[in-house]
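Participant: all I have is the shape, not the residue letters:
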């Protein structure tokens, strides 16, 4: 039963290459239910593999029909080889973060099979501390980063004892399917029109962010201020995912004491971690600082930019600054200048924002210039909205959730954080060969956070 | 330090595609040493990851230089990211054959990264019965099936207490490097010349095997006698490896009682297993039998063809025959006719034999016809020489070793067996989507073997 769906977000499929597989991932850590018997994980596997009718976007695959050779098309299929999509893994001993990190890095390095529904669910046992993990991969053509996290969250239940159809078959309380970025036949021409309008508006919004007619502030970072760095060459397929989890309160205290936003504290921490990582490899640009591309919210200053980013811009990470306090000041000055710059822009949606990013990417990749020219920025530091309530799967409580992002040529590192309850969970997605021990960025960020706290007198030196 | 090596066996690199990754594998099961402490596997990992200077073929990767864009080239590198090449895995519980099979199938489905030394070593723990497993992948451009098994064997020691450099750095007792199929600069023009001569001779030898001028026997299978079958279409990358281990004595008793060769008994078993597999899927060709491509030895009749196959030919598997005894008779008649046919051909080497197979493959694949035209045969049933003495790795005894083969378009199933000590170890490599439950071929072959024994009165009915 074929049901062709034209790909509105064609770009995400065109960007797929053997070096840049285009899926996002979420690593979820669950507590085993207290009453779980020895058969719990076997039963969970059976549950995840059950269900007859896959719903969108879990039922979408690349069509291999004749038409699809001319123009990539998606088609829906209600059944799939569930043993293929839902897989079990064990960890070698001792089943700690290192072993989990190695496995998930490997899983994230493997492209999805686009001729099957474009997702995989990996159930991982053998973790210490009575936990298990789930690593979910889904293609970027089906969901964008923000919607992706929403859809992944919607696979979970807010009640510990709720039993419902497995995520891929769950139609939802009101009988509605998940909203995805794939336009279906039922979408009206009018809604498509307005969507297209949003795209153009968003692209228009980018212009002043990158090329301001008047440089309103010394601190505003403009396009091509970024130095060449080891993070901005061509990449290959191997990924390394490392994770860190911090209480949000630590960033809040830093923000309060330093008179900056929580987001500034996050960026300053990333700058500190990157400085050490690159310096140890002898690859730190001395003269210029690394520049991050960040989503920007125009809501009140101290709020995290969650779900309402209306544009994006460039921020100074001050990696050429040794002093943590001067670094956070510079970060703050640059994000403040950026907010002033784009504060007057009209609001558009996050979905349109994501689409707007596509244009430059496609041009760079189609021309083969990505990773070969001077970078507009050195890395993306982003955040995606996370769940603000306890979530459950098959009775198991979600303890933490980390995002795994997509990399492209010219972008060997991505830092994305996700707030879940009172924690900020960081996923550091890196090209494995970018530099030796690139996964140490997670540890170095933790140390940079502590440095900030020490310098601000929040913890003893 | 680059040391370019022209690829004599260029074909194996050209055959690499995203649907047909071109590596062979060996699944080795080891007994944990009796005195192994809890750190044994950690120490084994460290041992496998140690060593500074990789030796051939473990040091060869695809060159990405400008020249290599025109003509694929290999280059050697003495160092590699050993954490990448040597990886640890755990099995989910209960750690039985099913869990091991799922993991190894997945590992065999992932292409090698050709820009690194073209091998991977996967150490698998969590097996029941105090064992662990090693799955070794190596690219077909570096070793052919037979030499591959030899090189894999040479990574092991014949002494339990020997401690030597890890396989990838082991230079050998006499200080000589492993012989590989890659011609190095040191090979003399004369030896290259004679090698080339062998190739042409081998190809010439194929001609009478497939297109005999005089059909000497009714039982001789000639080219294009094979039916179209579900095993002979285009394939994709997902593999399923299943394994079976039988005492050689069972085949010997059948061969003796039926007056056939051990090889005939193996083929008759495969025919029986295939008949059931295809019949259950409603895909059994009724009129014609499946035809296997087999290596042929001209040594004495009852000997297994190990290491001295001088040519290959087509054998009737009699899958359209319900009676096991009539099936083994037909198999025997066809292999006997084949041996008479090619018995007078000059001996060449096994290496040249493998090269000779390349021509037709390349033409089929370059033209895109493979898997789209009527097959010359339905599957390869092959055997590779295995070790005839106990072998050890880091003090652990090798209990069993199974081959994992390469598939191509038009070849969705490969059956290869390997003799180790007194067992025949079968590896069934299949395209996952060839037909439902394709991995059951392993079980059905076991049942077909029992059927033969019952019909011959070797075991009670």
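Facilitator: Good, I have the coordinates. Please read all numbers here as calculations on a predicted model, not as lab measurements. Residues are numbered from 1 along each chain as shown, chains lettered A, B, ... in the order given.
Participant: quick check: residues of chain A near chain B?
Facilitator: A:18, A:41, A:81, A:84, A:87-93, A:95, A:99, A:102-103, A:106, A:110, A:113, A:115, A:123, A:125-126, A:236-238, A:432-433 (C-beta under 8 Å from any C-beta of the partner chain). For every residue, glycine as well, the C-beta is placed using N, CA and C.
Participant: give me the subset of those that lies in helices.
Facilitator: Among the residues of chain A next to chain B, the ones falling in helices (DSSP state H) are A:41, A:84, A:99, A:102-103, A:106.
Participant: looking at these, which one is closest to residue B:423?
Facilitator: residue A:84 (31.2 Å; C-beta to C-beta).
Participant: right, and residue A:288 touches residue A:226 too?
Facilitator: Yes - here residue A:288 lies in contact with residue A:226, judged by C-beta atoms under 8 Å, at a distance of 7.2 Å.
Participant: tell me how many other residues crowd the nearest residue to residue A:111 once chain neighbours are set aside.
Facilitator: Sequence neighbours aside, residue A:21 is the residue nearest to residue A:111 in space, at 3.7 Å (criterion: C-beta to C-beta, 6 or more residues apart in numbering or on different chains). Using other C-beta atoms under 10 Å in any protein chain shown, residue A:21 has 21 neighbouring residues.
Participant: secondary structure element for residue A:21?
Facilitator: Using DSSP states H and E, residue A:21 is not contained in any helix or strand.
Participant: quick one, strands of the stretch 151-300 of chain A?
Facilitator: Per DSSP state E, counting those that start in this stretch, the stretch 151-300 of chain A carries strands over the ranges A:239-247, A:291-296.
Participant: give me the distance between the closest residue to chain B within chain A and residue B:287.
Facilitator: Going by C-beta to the nearest C-beta, chain B is nearest to residue A:90 of chain A, at 3.2 Å. With distances taken as C-beta to C-beta, to the nearest Å, residue A:90 is found 47 Å from residue B:287.
Participant: would you mind telling me which of those two has the busier surroundings?
Facilitator: Taking other C-beta under 10 Å, residue A:90 and residue B:287 do not tie; residue A:90 has more neighbours (23 against 6).
Participant: you'd agree that one is up against residue A:122?
Facilitator: No - judged on C-beta under 8 Å, residue A:90 makes no contact with residue A:122 at a distance of 11.4 Å.
Participant: Provide the contact partners of the helix or strand where residue A:443 lies at residue level.
Facilitator: For residue A:443, the element it lies in under DSSP H and E is helix A:441-455. Here helix A:441-455 makes contact (C-beta atoms under 8 Å, 6 or more residues apart in numbering or on different chains) with A:242-244, A:246, A:250-251, A:253-254, A:258, A:265, A:268-277, A:323-325, A:328, A:413, A:415, A:426, A:428, A:430, A:459-461.
Participant: deepest-packed of the strands of the stretch 151-300 of chain A, please.
Facilitator: strand A:291-296 (a mean of 25; mean count of other C-beta atoms under 10 Å in any protein chain shown).
Participant: for that strand, packing partners?
Facilitator: Contact partners of strand A:291-296 among helices and strands, from 3 or more C-beta pairs under 8 Å, 6 or more residues apart in numbering or on different chains; DSSP states H and E: helix A:262-280, strand A:311-316, helix A:324-342, strand A:379-384.
Participant: how about these in TSV, adding distance to residue B:367?
Facilitator: TSV is the format used below for these (distance: least, C-beta to C-beta, whole Å):
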stretch	distance to residue B:367
helix A:262-280	50
strand A:311-316	49
helix A:324-342	56
strand A:379-384	44
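Participant: mean pLDDT lowest for which of these?
Facilitator: Mean pLDDT is lowest for strand A:311-316 among those, at a mean of 80.
Participant: for burial, what's the neighbour tally of the closest residue to residue A:133 other than its chain neighbours?
Facilitator: Spatial nearest neighbour of residue A:133, chain neighbours left out: residue A:124 (4.1 Å); criterion: C-beta to C-beta, 6+ apart. Residues near residue A:124, counting by other C-beta under 10 Å, number 27.
Participant: which stretches of the stretch 351-461 of chain A have low pLDDT?
Facilitator: A:351-366 (pLDDT under 70).
Participant: quick check, residue A:419 in a helix?
Facilitator: No - Residue A:419: not assigned to a helix; according to DSSP: H, G, I helix; E, B strand; the rest coil it is strand.
Participant: the ones in helices among the residues of chain A next to chain B: which two are farthest apart?
Facilitator: Checking those with C-beta to C-beta, the most distant pair is A:84 and A:99, at 24.0 Å.
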